[in-house]
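1. I would like to see how this sequence folds:
(chains A and B)
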Amino acid sequence: DTGVSQDPRHKITKRGQNVTFRCDPISEHNRLYWYRQTLGQGPEFLTYFQNEAQLEKSRLLSDRFSAERPKGSFSTLEIQRTEQGDSAMYLCASSPTGGEPWYQETQYFGPGTRLLVL
Amino acid sequence: GQQVMQIPQYQHVQEGEDFTTYCNSSTTLSNIQWYKQRPGGHPVFLIQLVKSGEVKKQKRLTFQFGEAKKNSFLRITATQTTDVGTYFCALGRTALIFGKGTTLSVSS
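-> Residues are numbered from 1 along each chain as shown, chains lettered A, B, ... in the order given. Okay, here's the model as predicted:
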């Protein structure tokens, strides 16, 4: 296992279309996070899962955003009725549970999916 | 909610010079993490600080957490071209709050 993977790496869509991104975390990492990053900014937290449970979703940007992790392995992030303001890099990260606290709190980021909404 | 200010936003140095980025909060922090993002890349974890006044070193990188746990800095001594990128501090343990980052450029 070489790290967190995300698919697709790039997505161009037209305003109003729905898009879905996939994230495969590092094997045996129980926690999975989604962030959004726009140009010149740090990543902005969206939501996270511990196994299949979504523990924090209040930071999802609107009700057009939803995330799932049905079997506690890979996760999907869906954006419905995309808007031009949704154009950004969507990053996924994972972290292990167990071990020292610092180890559990280290987040390993994937390469991201760059979304462009026309 | 918690916020963190990171300065400077940009820094250009000559290779071999030192570089420092600062992270400041108005509230006491439980911990702070530092990440590096290379151009076109993704954030990579560097270190986590949790104790007041804590200092950690990684080769040419020195990280310090303030005594009041409201600020932190990252210093790189004798910068190299491989150090280019954006350095972020981040608060929290799961739902991380990132600063805006300091983008470092290095000319040889």
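2. quick check: bridge partners of the residue nearest to residue A:74 when sequence neighbours are not counted?
-> Take residue A:74 and drop its neighbours on the chain: the residue closest to it by CB to CB, 6 or more residues apart in numbering or on different chains is residue A:24, 4.8 Å away. (Glycine included, C-beta is placed from N, CA and C.) With DSSP bridges applied, residue A:24 shows beta-bridge pairing to residue A:5.
3. give the contact list for residue A:24.
-> Applying CB atoms under 8 Å, 6 or more residues apart in numbering or on different chains to residue A:24 gives the contacts A:4-7, A:73-74.
4. stretch B:45-57 near chain A anywhere?
-> Yes. Using CB under 8 Å from any CB of the partner chain, stretch B:45-57 reaches chain A at B:45, B:48, B:50.
5. would you check how far apart residue B:32 and chain A are?
-> 11 Å (CB to the nearest CB, to the nearest Å).
6. give the helix, strand or coil label for the residue in chain A that chain B sits nearest to.
-> The nearest approach of chain A to chain B comes at residue A:42, 3.0 Å away (CB to the nearest CB). Recorded secondary structure, residue A:42: coil (DSSP: H, G, I helix; E, B strand; the rest coil).
7. cool, residue B:2 as well?
-> coil.
8. what's the nearest residue to residue A:18 if we skip its chain neighbours?
-> residue A:80 (4.9 Å).
9. next helix or strand past the lowest-mean-pLDDT helix or strand in chain A?
-> The helix or strand of chain A with the poorest confidence is helix A:101-104; it has a mean of 67 (mean pLDDT, DSSP states H and E). As assigned by DSSP states H and E, the chain's next helix or strand after helix A:101-104 is strand A:108-109.
10. helices or strands up against that following strand?
-> The contact analysis (3 or more CB pairs under 8 Å, 6 or more residues apart in numbering or on different chains; DSSP states H and E) places strand A:108-109 against strand A:88-95, strand B:43-49.
11. 10 Å instead, please
-> Applying 3 or more CB pairs under 10 Å, 6 or more residues apart in numbering or on different chains; DSSP states H and E, one finds that strand A:108-109 contacts strand A:31-37, strand A:88-95, strand B:43-49.
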